[in-house]
Each structure stands twice: as structure tokens, then as C-alpha cells.
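A.B. asks: Output the structure for:
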Amino acid sequence: MTFRQPLCLAAVIMASTVAGCMAVSVALAPSPITLATGTPGGVYHPVGNAICRMYNLADERQARPCVAVSSEGSVANIRRVESGESTFGLSQTDVAYAAFHGEGPFAAGGPEPRLRMLIALYPEAFTVVARADTGIRDFQELRGKRVGIGKSGAGYTFTRDVVLGLYGWTIVDLEHGLELTPAEQNQALCGNKVDAIIFGAGHPNGLTQEATTGCRARLVRVAGPPIDRLLATHSYYIASVIPGGMYAGNPDDVPTIGTQAVVVTSSNQPNELAYAVVKAVFENLADFRRLHPALSTLDIKDMVPSEAVIPIHPGALHYYREAGLVH
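C.D. replies: Next comes the predicted model:
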């Protein structure tokens, strides 16, 4: 017994030492870089994962992996970046502009002057889909209809309110506006609980495909003099067209408005990190385009964000100047 006790004591000491080393190792492990995206099933989520994939495969990652995290969308993503909860976030250009200037959903908190852009991505179309049996073909025909209006926190709900305002409407002018998640929107449309649904997305996307094949839904035009005035006075909105033939039962081009999906961050983030993310995407653009259909038509010259929206992060600007994309 006296011989075995020291052995037992030695084993305990060794186990404690190993456990202690593991605890120190875990404590010293660098925290990941996080990129706030959107709900699974939408476009933001796979696009965010694609950005992180490019960064993680590059040498510049400095042992800090990038992790894409799901969220409620643009508004929530910017709030996460502002608070430091996320390193980067995906946003629409109109939402980023509103946050920087303290407008719309950010009015109560005031301007966020530290918000910066890194990369401009694909156009996001303001999308309205109605069941074929409703006869709805133009946005102005939604008045008095049952409409799935999306969930607060998603960027397109901000765009939705802007468009409603152009027609002198608010949500109460819709007979029955239901706040629904993306998955619930299609169920409500095909289940005849709503006549139309509103959302924003890059095209093609699974939500529109499911609606057009599952319940013969039709894309709705968002065009006319009110939209023309918006495009003429707000640089962060763009004319957009959802191509005919992209979805079943929708052979014609459908005009609407759009924004651009952008990667945002805070001026508090190091220049080296911003530079590394931009470089990883731009120098592996062919691989990046293949990771999602919404990225397949990206043109490098259109990916430099416009400072007419909000300022570009200095680290990103350094890369763009180095690559000869800006002067």
C-alpha cells in the first residue's frame, strides 16, 4: 500500500497538469472572426459562408478562423457590428446608409459614424410574389390585400416601408399584413392565408422557386412614376429586373428596384484584417463565384463599394488602390 500511494499521487499530479495545460490552451485560443449573415435558406447565409471560406483558405487568416453566423438580416447584422458582437455583417445598401446617418430603424440610437464597407456583392431585388389566382400583377394592386410582410429586423422590411410610402401607404393600408419568416411566407401563400408576399433577395433563390413551382405564383411588377422618383433621388437604390424564364410560369422580365448586398464592419477593426478579407475574395474570385448562383455573375469592377453610401474601410481601400481598382 505504501508503495502504490506515491504512484497514485504522481498520476493525480500528472492528470492535473495535463488538465491545466488544456485549460490554458483553450483560454489562449484566438477568438474567431464572425460574419453575421441571415436565416438559413436565404442567400445571405451561404454567401457569408463563401466569404469565410475564401478567408480561411488564405494565408492571411493569422490562425483566427472566420465563422458565418445566422441572424435576422441586415438591421440585426449592423447592430451586431456596432456592438462588437460580430466582426463583419452582410447588409443592404439602403440599410447601411440609414444606420450611418441614424435614420429609419436606427433613428432612436442616432448615427453610427464608425460603420464602414468592405466589399459590394450582388444586386438584391425587392421581390413581390402573388398567387396566380389573385390577378395581382402590379405593386399598386396590393392595397386592401392580405400580404406577408416579412419579419422586423430583415433589411427588406425597411425597403418595404420606403416603397409603401412612395404610394402614400403604410402597412395598415394592406387588409391584413402578417409578419412571417421566409419559410412561413411560402406556406401562407400556398395555403391561401395571404394573397402575396414581400421579401428581398438575390436571384435565383430557393424561396421564389418554391413559390412559383409549389403554388403557381407570379412575380409582381414594382415600377412606375413613384419608383422613378425614388431612383432619381437615392443613389443606394438601383433599377432591377428579374429575368423572364428564371422561374416556372414567369416567362417575362419583371421590373423592380434593388439594393446591393455589401459587407460592412466597424472602423475599430484593424486595417490588416479588412485588407486580408478583401484580398482573399478578390484574388480567388473564380472560386468565389462558383459557391452560389447569386455570385456567378459578379464583375470585379462592380465589387468596389461606393462611398456615396458610407465610407470604405481604410484596409479595404488600401487593397483597392494596390490592385489599381481605385485611384
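
A.B. asks: can I assume Val277 sits in a strand?
C.D. replies: No: counting by DSSP: H, G, I helix; E, B strand; the rest coil, Val277 falls outside a strand, being helix.

A.B. asks: distance of it from Leu166?
C.D. replies: Between Val277 and Leu166 the computed distance is 36 Å (CB to CB, to the nearest Å). Backbone N, C-alpha and C define where each C-beta goes, glycine included.

A.B. asks: where do the strands sit along the stretch 151-300 of the chain?
C.D. replies: 176-178, 196-201, 217-219, 238-242, 254-266 (DSSP state E, counting those that start in this stretch).

A.B. asks: Out of those strands, which one sits most buried?
C.D. replies: Of the strands of the stretch 151-300 of the chain, the one with the most neighbours on average (mean count of other CB atoms under 10 Å) is strand 196-201, at a mean of 27.

A.B. asks: ok, Thr256 touching Ser240?
C.D. replies: Yes: counting by CB atoms under 8 Å, Ser240 is a contact partner of Thr256 at 5.2 Å.

A.B. asks: Let me know which of the strands of the stretch 151-300 of the chain is the nearest to Arg131.
C.D. replies: Of all these, strand 217-219 sits nearest to Arg131, with 5.6 Å by CB to CB.

A.B. asks: quick revisit: between the strands of the stretch 151-300 of the chain, which one is nearest to Gly41?
C.D. replies: Nearest of the strands of the stretch 151-300 of the chain to Gly41, taken as CB to CB: strand 196-201 at 10.5 Å.

A.B. asks: ok so, going back, could you dump the strands of the stretch 151-300 of the chain to JSON lines with mean pLDDT?
C.D. replies: Listed next are the strands of the stretch 151-300 of the chain as JSON lines, based on pLDDT from 0 to 100:
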{"stretch": "strand 176-178", "mean pLDDT": "75"}
{"stretch": "strand 196-201", "mean pLDDT": "88"}
{"stretch": "strand 217-219", "mean pLDDT": "96"}
{"stretch": "strand 238-242", "mean pLDDT": "93"}
{"stretch": "strand 254-266", "mean pLDDT": "96"}
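
A.B. asks: Using TSV, lay out the ones you listed together with distance to Gly41.
C.D. replies: Compiled in TSV, those are given as follows (distance: least, CB to CB, whole Å):
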stretch	distance to Gly41
strand 176-178	18
strand 196-201	10
strand 217-219	17
strand 238-242	19
strand 254-266	16
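
A.B. asks: Tell me which of the ones you listed lies nearest to Ile51.
C.D. replies: Nearest to Ile51, of the strands of the stretch 151-300 of the chain and by CB to CB, is strand 254-266 at 6.8 Å.

A.B. asks: In its sheet, which strands sit next to the closest one, and in what direction?
C.D. replies: When pairing is defined by DSSP bridges, strand 254-266 lines up against strand 88-92 (antiparallel), strand 115-131 (antiparallel), strand 238-242 (antiparallel).
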